[in-house]
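In: Need coordinates for the below:
(one chain, ligands or ions: 1)
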Amino acid sequence: MSDHKNTPSLDTLFAQANGAIDPQTGGVVPPIQSATTFVRDEANVPLSADHIYARDDNDLVRLGENLLNRAEHAEAGLLFPSGMAAVVAVMRTVPNGGRIIQQTGIYWGVTKWTRDFCARRQIELIEVDCADLEELRKVATTADVLWIETPSNPYLKTVDVAACADMAKSAGALLVVDSTAATPILSQPLDLGADIVMHSATKAINGHSDVLAGYLGCRDASSHIWEMIVTDRHDAGAIMGPFEAWLLIRGMRTLPLRVERMSSSALKVAEFLVAHPKVNTVLYPGLSTDPGHQIALRQMSGGFGSLLSFQVEGNKQSALTAIGHLKLFKRATSLGGVESLVEHRHTIEEAVPGNLLRLSVGIENATDLIADLNDALAQV
Ligand SMILES: *Cc1c(COP(=O)(O)O)cnc(C)c1O
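Out: Numbers count the residues shown, from 1 in each chain. Sure thing, here's the model as predicted:
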């Protein structure tokens, strides 16, 4: 996992939070600076040029950004108070009357928001299954943004980022990758040609289900679009608070370790489910039989993430019976936390098959998790 010679590996970088020692006290944990404003001296010069007003001057926010920039090989990056705030910061750069090409079957909140936004702003929205490059080629046209998510949520489709980067280039579009399920540890979409990588840092990056956060990292910090995004965050004020940033950094210290454990357990869970007679389909890019496996091998390393979905033999009721009997997997939305979660997406998103269950595998003992699933499936 070493990025460059002579620079620390990601696990070292995160464990030490990029060297976040408090210079004043030597504390090994950075202090929380909660001030919103900073004094000037007798000559009216700020005591520190980097500390004027908290909307853009919080050291903890900068520290979190720097860590994620290094992991994503981003020239620059920004934290936002939620993943959705990061999503819309990109979308708002699309002019009225523009065009967005967006992958189908992705995080529902992104689909819904983009549809509403495009309708309001006379932006043409083309929705297409970007995991199917033939389908994507059919709609090939000029566009402002090509939005993909890989692995996708909840169908775990793998999208070929490098192939999409070529297409985006010929379409004159910005390629944005929602890499939430891949985490900054397993994949670096900017290296594959993406212009912007986006994360809901609420998920694995924080990892403890106690902070909402979002991140954008860019390949070219001098691009016009990136400048628009930077200006908009500063002027429109979608900024994280220092307490949240502190919690986020605390969570990130164990990110590589958690991702390693969750990915290895998720693969074990997926393999168990494949062999189970009451399970029809298992969607997980780590399975050698998965349609996206070869591409996932190329663009991910160190594992395939904590998210997977499967279809219970039978109907919606069969799936609801199964989750009703789970004890370790908590019935809740979200993903990437230390605790394992299960969600019946159809309850919230009608288009998702009624017998599909989505799992976020946490850091518990994998044998315990498998036993829990085995007991619950026996009740179907
Ligand atoms: C959760 C999530 C989002 C939205 O992020 P929030 O932090 O909940 O605002 C976007 N994309 C994906 C893939 C997600 O899982």
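
In: OK, contacts around the closest residue to the ligand within the stretch 201-350 of the chain?
Out: Nearest residue of the stretch 201-350 of the chain to the ligand: Thr202, at 3.5 Å (Cβ to the nearest ligand atom). Any C-beta I mention is one placed from the backbone N, CA and C, and that applies to glycine too. Thr202 sits next to 82-83, 211-214, 334, 336 when contact means Cβ atoms under 8 Å, 6 or more residues apart in numbering.

In: Phi and psi next, for it.
Out: Thr202 adopts backbone torsions of phi -60, psi -30, taken as degrees, to the nearest 10.

In: Pull the contacting residues for the closest residue to it other than its chain neighbours.
Out: Distance criterion Cβ to Cβ, 6 or more residues apart in numbering; nearest residue to Thr202, sequence neighbours excluded, is Leu212 at 4.9 Å. Taking Cβ under 8 Å, 6+ apart, we find Leu212 in contact with 81-83, 202, 244.

In: Which residue ranges of the stretch 201-350 of the chain form strands?
Out: 214-218, 279-283, 307-312, 330-331, 341-343 (DSSP state E, counting those that start in this stretch).

In: confidence score at the residue in the chain positioned nearest to the ligand?
Out: In the chain, the residue that lies nearest the ligand is Gly83 (2.1 Å; Cβ to the nearest ligand atom). The score at Gly83 is 98. That number is its pLDDT.

In: I figured it hits Met198, correct?
Out: Yes - between Gly83 and Met198 there is a contact under Cβ atoms under 8 Å: 7.5 Å.

In: Name the residues contacting each of these two.
Out: Shared contacts of Gly83 and Met198, counting by Cβ under 8 Å, 6+ apart, come down to 180, 214.

In: what residues does the stretch 51-200 of the chain put near the ligand?
Out: 82-84, 107, 109-110, 149, 153, 178, 180, 200 (Cβ under 6 Å from any ligand atom).

In: Using the record's assignment, carve this structure into domains.
Out: 10-252, 256-377 (automatic domain parsing).

In: Ends of the first one, what's the gap?
Out: When you say that, I think you mean domain 10-252. Between the opening and closing residues of domain 10-252 there is a gap of 11 Å (Cα to Cα, to the nearest Å).

In: Give the next helix or strand downstream of the strand or helix carrying Glu135.
Out: In the assignment (DSSP states H and E), Glu135 maps to helix 133-138. Per DSSP H and E, the first helix or strand lying C-terminal to helix 133-138 is strand 145-149.

In: mean confidence score for that following strand?
Out: Mean per-residue pLDDT for strand 145-149: 98.

In: and it, which strands flank it?
Out: Strands adjacent to strand 145-149 in the sheet, as given by DSSP bridges, are strand 99-103 (parallel), strand 174-178 (parallel).

In: Return the most buried member of the ones you listed.
Out: strand 174-178 (a mean of 27; mean count of other Cβ atoms under 10 Å).

In: quick revisit: what would the strands of the stretch 201-350 of the chain look like in TSV with mean pLDDT, mean neighbour count and distance to Asn69?
Out: Below are the strands of the stretch 201-350 of the chain laid out as TSV (pLDDT from 0 to 100; neighbours: other Cβ atoms under 10 Å; distance: least, Cβ to Cβ, whole Å):
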stretch	mean pLDDT	mean neighbour count	distance to Asn69
strand 214-218	98	27	6
strand 279-283	97	19	31
strand 307-312	98	25	24
strand 330-331	98	15	33
strand 341-343	98	23	29
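
In: Now distance to the ligand too, for those, in TSV please.
Out: Formatted as TSV, these follow (distance: least, Cβ to the nearest ligand atom, whole Å):
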stretch	distance to the ligand
strand 214-218	5
strand 279-283	15
strand 307-312	8
strand 330-331	17
strand 341-343	11
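
In: what about those, which gets the closest to Arg92?
Out: Across the strands of the stretch 201-350 of the chain, the minimum distance to Arg92, taken as Cβ to Cβ, is reached by strand 214-218, at 12.0 Å.

In: so what does the closest one touch, helix or strand wise?
Out: Judged by 3 or more Cβ pairs under 8 Å, 6 or more residues apart in numbering; DSSP states H and E, strand 214-218 is in contact with helix 59-72, strand 76-80, helix 83-91, strand 196-200, helix 224-236.

In: Out of the strands paired with strand 145-149, the one nearest Leu297 is which?
Out: strand 174-178 (17.4 Å).

In: Run the chain-centre distance for the closest one.
Out: 12 Å (Cα atoms, centre = their mean, to the nearest Å).

In: ok, then the element right after it?
Out: Using DSSP H and E, the helix or strand that follows strand 174-178 in sequence is helix 183-186.

In: Buried only: go through the contacts of Leu212 for me.
Out: With burial judged by 16 or more other Cβ atoms under 10 Å, the buried subset of the contacts of Leu212 is 81-83, 202, 244.

In: one step back: could you work out the most separated pair of the contacts of Leu212?
Out: So, those by Cβ to Cβ: farthest apart are Gly83 and Glu244, at 13.0 Å.

In: Residues that sit against both of the two, list them.
Out: Common neighbours of Gly83 and Glu244, using Cβ under 8 Å, 6+ apart, are 212-213.
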